[in-house]
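**Student:** Give me a 3D structure for the following:
(2 chains)
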2 protein chains.
Amino acid sequence: MKTVIIGGVAGGASAAARLRRLDEQAEIVVLERGDFVSFANCGLPYFIGGEITEQSALTLQTPQSFKARFHVDVRVRSEAVAIDPAAKEVRVRDLADGSEYRERYDALILSPGAAPLIPPLGDVESPRVFTLRNIPDTLAIQSFIKERAPRRAVVVGGGYIGVEMAENLMRAGLEVTVVELADHLIAPLDLDMAADVHAYAETKGLQLLLGRAVKHIADTGSQLQIELDKGSLTADMLLLSVGVRPDTALAADCGIDVNARGAIVVDAAMRTNLPDIYAVGDAVQVTDLVTGEPAFIPLAGPANKQGRIAADNICGLASSYRGTQGSAVLKLFDMTVATTGLSETAAQRAGLCYDKTYTYSASHAGYYPGGSSMSIKVLWEKGSLRLLGAQIVGFDGVDKRLDVLATALRLGAKVTDLAELELCYAPPFGSAKDPVNMVGFVAENIVTSKVKQFFWHDVADLPRDGSVTLLDVRTDTERARGHIDGFSHIPLDSLRQRLGELPAGKPVYVHCHSGLRSYIACRLLAGHGFTCYNLAGGWRLYEAVTQNRQVPPYICTQCK
Amino acid sequence: MKTVIIGGVAGGASAAARLRRLDEQAEIVVLERGDFVSFANCGLPYFIGGEITEQSALTLQTPQSFKARFHVDVRVRSEAVAIDPAAKEVRVRDLADGSEYRERYDALILSPGAAPLIPPLGDVESPRVFTLRNIPDTLAIQSFIKERAPRRAVVVGGGYIGVEMAENLMRAGLEVTVVELADHLIAPLDLDMAADVHAYAETKGLQLLLGRAVKHIADTGSQLQIELDKGSLTADMLLLSVGVRPDTALAADCGIDVNARGAIVVDAAMRTNLPDIYAVGDAVQVTDLVTGEPAFIPLAGPANKQGRIAADNICGLASSYRGTQGSAVLKLFDMTVATTGLSETAAQRAGLCYDKTYTYSASHAGYYPGGSSMSIKVLWEKGSLRLLGAQIVGFDGVDKRLDVLATALRLGAKVTDLAELELCYAPPFGSAKDPVNMVGFVAENIVTSKVKQFFWHDVADLPRDGSVTLLDVRTDTERARGHIDGFSHIPLDSLRQRLGELPAGKPVYVHCHSGLRSYIACRLLAGHGFTCYNLAGGWRLYEAVTQNRQVPPYICTQCK
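**Tutor:** Next up, the predicted model:
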């Protein structure tokens, strides 16, 4: 039994190791076009920024270590140039001397990955223009910084890689501007959750040009001249990080089904349409776990799992990949941004009927030092109540809550199940009512109609003609920091005494800082016959989204 | 509708706030024997150690704030001395003047908590002997330290409170010895998982006397003389933290069912056997979520949730408490210890048929700085594969993985589902194969018989007569640090070349540092016809448990 694997990183490397563990007698050949196998893709930006100092740290395995431990024949600088499915052969070019040979297989695994998109924007081949996919790309950027001492960098594209690179170029001493076509960074976030990210990035000195398109890049010899749809920029270097395309020409050429985007179509066993040919990783089309629809979600975790699953199936073990939910996390200086499942935008696109909570919770007990607050948005399907997605922006403890939500989503939990989760608690780590429990409590109150919500995007359209009451229940101090036009002010703790000030029979739209005290006010007012609506996410979210300036992530002691 | 709540902390306070949110017209009276309501029980040790500096931080609500926000009539220094279930009245003593009055209720919630056990060991009433339950206890300890400048403290009982207090007394400048009757600290841990805790505590200067009983405490006037079953100690102060008993004499006196331990028996709606009387928090018997059996597991998270559930039911909302799984976490200096579900000891006691994994994983990608390793033990039921419990000891990221496991357990996951969880990954936060995924992979290999395990406690009994092969596959460097007698040595990466050195036809017992490379060795050897057994947890765990000295929690670069 001989398996040939094309591509020796992530999925390909996982498949090779698993194959060997399952079958000591198997013949395993890995063909890798580049110089390195099993390298730390996700660590590359941190080598440029200097958090990772040793180049050797980026290489998890070498051809030698793979050989010694797993008896795998790893051939670097070996490019698969054609597949002959009928003959079950791969044509291989040795990039050292250009010679070619044919390699027979019983099973073939394609793990070609995805390549950065390079849009036709002028001098994209300039030595000042970079992309980041592999170790040579990384070393090229590092050398350029070292030798040419660039002062200003432009990053085109504000996705995960763009933002990580922006931070790391700043760490390397550059001034950095991110140009993003969409109205916000990090596509899996909704705009309202990205607002805090924008504000924080700007306080760190990262310049953002959102909703702006790059039209042309010109290398003048001494610098880059970048024309935007409005205005222009100059820079000493530029990173293109506008997305990736599956690197699948080889696959398509031999008759393997690819989708419109070029991603290889596979079944749950990671099998392509051709016999004994499997594909894994960033080059394949996956099932979106939430919608059940085909999707392209290139991520390291799924790639590694798919490699294992392909190996299992080659060895006759039933093992299947159910789908990708898009769990991802980003460090931006001290901020953490994490997502799983569908954003609201994606839920709308999928035509799902959903509801949502915005909560703002302390990372740990307010009385124990060092805590900070995190902003959480959770979506669920109306009716079934199943979780659809979660987004969290904050600092300490964000990745923990996202992983709990990702686990609940994967296991098919209802949003109301979150109320019941029993998470570990001590003051340095959390709260007796964990932020995830709070999501469950709030969702349950919504689902059982104990509270109705309105949202930041509804505020501008609320009538200011006296037909409804607009009420701010924050403290005097909070009110003094800023308020929403048209909202009258009665602090929550005086509300019972001042009920007479509210016009009878009119609906009341209530807000506080984060949405907790206004919920209490809504319940109070409902008990006195008022129809109430609670501003989800409170003044904090409203202000962050509509003003796009930073609202301090302090722990609201009024909400404890 | 009038609800009287006896006890204004955690469960009682949660119930009061929820009652008000559900019913603006309800009359709500909270009777609290002490001076404080809704205080931060779990924060008390940190006030003594100085992490929390303001006493006001310990008080989450005051009678005044409760009144203003929730219109709750909170009466501190008001002790419920008798309940008359027939008349639906509570007899209340005003501790200010000793006067008594009767308070009628429609519904009654008991939230009396649990009191520290005070064993009859001599001068336990000495002013040098303390327990820790509430703010006055905390202030008494703090004053004693300030005014009497004690140098040496003994903590009797090495549970969560005992260990937290030991750390905080050390932070306050004392030399501390913990005396624990059992052979290990932290009862919800098994001994094998506690070994790292012991070693770490000792490196921090905390003295441990394990498996030792206090027989008598004598106050000599100038110090305490503490007689143990073997030997004796002197100390300037002593904390008794040997457990708690439900504070339920009041409940039992009026005919409310309590169990043999004194815990109030309630149904899933938190109802006692008497009409309209509910009970919540540390005083009640809960259902163990894993075994389905009655249990006593006093924890803050469940107490708060139970308060909410009792309030729901009083207001006619169907809401129920399914059970407690015992999720808990402890900070010990920089170490984190966390548990959920059953320990192995508890699983044995419950007569469950289980299997287990020990894994040792990096908190985040090895190539990104600042990571550390954590030791994870997971139990599942054979056959059904449902998760039974998890224990984690390590540093950064322990609470996250425990919460993921606690969520999976609560949602009824199988251990093999852990392989499939899609957790958020970037190098500063985790690995593409998260430590929790690794548990799933290892468990799947065990469940599908790809590997057989042996354990640290089997090592001494393995035959050394040549009938089996004992094999250490670590590197030369690791071997030089120490080895297990009788194990021959072939590094994994030379094993294929040196197969001839292994006697054919004999079972091979293999170990490496953590269990990962020895698993690879087992698969390799199995492929050459050997029957193999892998030492679960590896040399690291074996050494930690059997020598009880610290094995450095370094990231084994051989296991990457």
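**Student:** Contacts only, for the residue in the stretch 151-300 of chain A that chain B sits nearest to.
**Tutor:** At 4.1 Å from chain B, residue A:300 is the closest residue in the stretch 151-300 of chain A, using Cβ to the nearest Cβ. (Glycine included, C-beta is placed from N, CA and C.) Contact analysis of residue A:300 by Cβ atoms under 8 Å, 6 or more residues apart in numbering or on different chains lists A:10, A:41-42, B:425, B:432.
**Student:** nearest spatial neighbour of it, skipping sequence neighbours?
**Tutor:** residue B:432 (4.1 Å; Cβ to Cβ, 6 or more residues apart in numbering or on different chains).
**Student:** cool, residue A:397 as well?
**Tutor:** Nearest to residue A:397 is residue A:363, by Cβ to Cβ, 6+ apart, at 3.7 Å.
**Student:** Please apply the same query to residue A:485.
**Tutor:** Nearest to residue A:485 is residue A:464, by Cβ to Cβ, 6+ apart, at 7.8 Å.
**Student:** Can you pull out the low-pLDDT segments for the stretch 51-200 of chain A?
**Tutor:** Within the stretch 51-200 of chain A, no range satisfies pLDDT under 70.
**Student:** Residues of it that sit close to chain B?
**Tutor:** Proximity of the stretch 51-200 of chain A to chain B, by Cβ under 8 Å from any Cβ of the partner chain, involves residues A:51-52, A:57-58, A:60, A:65, A:68-71, A:160, A:164.
**Student:** Distance-wise, check the residue of chain A most remote from its centre relative to chain B.
**Tutor:** Ranked by distance from the centre of chain A (Cα atoms, centre = their mean), the top residue is residue A:500, with 48.4 Å. Remark: distance between residue A:500 and chain B (Cβ to the nearest Cβ, to the nearest Å) = 15 Å.
**Student:** State the distance from that residue to residue A:530.
**Tutor:** 13 Å (Cβ to Cβ, to the nearest Å).
**Student:** give me every residue that touches the residue lying closest to residue A:83 once chain neighbours are set aside.
**Tutor:** The spatially closest residue to residue A:83, leaving aside those adjacent along the chain, is residue A:254, at 4.0 Å (Cβ to Cβ, 6+ apart). By Cβ under 8 Å, 6+ apart, the contact list for residue A:254 reads A:82-85, A:274.
**Student:** Would you mind measuring from residue A:254 to residue A:248?
**Tutor:** 11 Å.
**Student:** repeat for residue A:326
**Tutor:** Where residue A:248 is concerned, residue A:326 sits at a distance of 21 Å (Cβ to Cβ).
**Student:** if we can go back for a sec, just the ones of the residues of the stretch 51-200 of chain A next to chain B in helices?
**Tutor:** Within those, residues falling in helices by DSSP state H are A:65, A:68-70, A:160, A:164.
**Student:** contacting residues for whichever residue of the stretch 1-150 of chain A sits closest to chain B?
**Tutor:** Scanning the stretch 1-150 of chain A for proximity to chain B using Cβ to the nearest Cβ identifies residue A:24 as nearest, at 2.1 Å. When contacts are counted by Cβ under 8 Å, 6+ apart, residue A:24 touches A:71, B:523-524, B:526-528.
**Student:** Over to residue A:521?
**Tutor:** A:471, A:473, A:492, A:495, A:510, A:512, A:532, A:534.
**Student:** where exactly do the helices run in the stretch 101-250 of chain A?
**Tutor:** A:135-148, A:160-171, A:191-203, A:249-253 (DSSP state H, counting those that start in this stretch).
**Student:** So which of the ones you listed is the most surrounded?
**Tutor:** helix A:160-171 (a mean of 24; mean count of other Cβ atoms under 10 Å in any protein chain shown).
**Student:** How far does that helix sit from its chain's centre?
**Tutor:** Centre-to-centre, helix A:160-171 and its host chain are 14 Å apart (Cα atoms, centre = their mean, to the nearest Å).
**Student:** Output it as CSV, nothing but the C-alphas.
**Tutor:** Extracted as CSV, the C-alpha positions of helix A:160-171 are listed here (Å, rounded to 0.1, in the frame of the first residue of the first chain):
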residue,chain,number,x,y,z
TYR,A,160,-7.0,37.9,10.4
ILE,A,161,-3.7,37.8,8.5
GLY,A,162,-3.8,41.5,7.6
VAL,A,163,-4.4,42.5,11.2
GLU,A,164,-1.8,40.2,12.7
MET,A,165,0.7,41.5,10.2
ALA,A,166,-0.3,45.1,10.9
GLU,A,167,0.5,44.6,14.6
ASN,A,168,3.7,42.8,13.9
LEU,A,169,4.9,45.4,11.3
MET,A,170,4.3,48.0,14.0
ARG,A,171,6.3,45.9,16.5
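**Student:** quick one: contacts of it?
**Tutor:** Contacts for helix A:160-171 (Cβ under 8 Å, 6+ apart): A:45-46, A:48-51, A:132, A:145, A:153, A:155-156, A:158, A:176, A:178, A:180, A:185-186, A:201, A:204-206, A:239, A:241, A:328, A:330-333, B:426.
**Student:** does residue A:421 really touch residue B:407, like I thought?
**Tutor:** Yes - counting by Cβ atoms under 8 Å, residue B:407 is a contact partner of residue A:421 at 5.5 Å.
**Student:** who touches both of the two?
**Tutor:** Common neighbours of residue A:421 and residue B:407 (Cβ under 8 Å, 6+ apart) are A:404, A:408.
**Student:** Give me the neighbour count for the residue nearest to residue A:281 when sequence neighbours are not counted.
**Tutor:** Once flanking residues are discounted, residue A:281 sits nearest to residue A:11: 3.3 Å by Cβ to Cβ, 6+ apart. The tally of other residues near residue A:11 (other Cβ atoms under 10 Å in any protein chain shown) stands at 35.
**Student:** Residue A:464 too?
**Tutor:** 12.
**Student:** what about stretch A:389-400, average pLDDT?
**Tutor:** What stretch A:389-400 shows for mean pLDDT is 98.
**Student:** Actually, stretch A:542-558.
**Tutor:** 58.
**Student:** ditto for stretch A:453-466
**Tutor:** On average, stretch A:453-466 scores 94.
**Student:** Send over it as PDB, restricted to the C-alpha atoms.
**Tutor:** The C-alpha trace of stretch A:453-466 is given here as PDB (Å, rounded to 0.1, in the frame of the first residue of the first chain):
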ATOM      1  CA  GLN A 453     -35.100  44.400  22.800                       C
ATOM      2  CA  PHE A 454     -34.300  47.300  20.500                       C
ATOM      3  CA  PHE A 455     -31.000  47.800  18.900                       C
ATOM      4  CA  TRP A 456     -28.400  50.500  18.300                       C
ATOM      5  CA  HIS A 457     -29.500  50.700  14.700                       C
ATOM      6  CA  ASP A 458     -33.100  51.400  15.800                       C
ATOM      7  CA  VAL A 459     -32.200  54.400  17.900                       C
ATOM      8  CA  ALA A 460     -32.100  57.000  15.200                       C
ATOM      9  CA  ASP A 461     -35.600  56.000  14.000                       C
ATOM     10  CA  LEU A 462     -37.300  56.100  17.300                       C
ATOM     11  CA  PRO A 463     -40.000  58.800  17.400                       C
ATOM     12  CA  ARG A 464     -39.000  62.000  19.200                       C
ATOM     13  CA  ASP A 465     -42.600  63.300  19.100                       C
ATOM     14  CA  GLY A 466     -43.600  62.300  22.600                       C
END
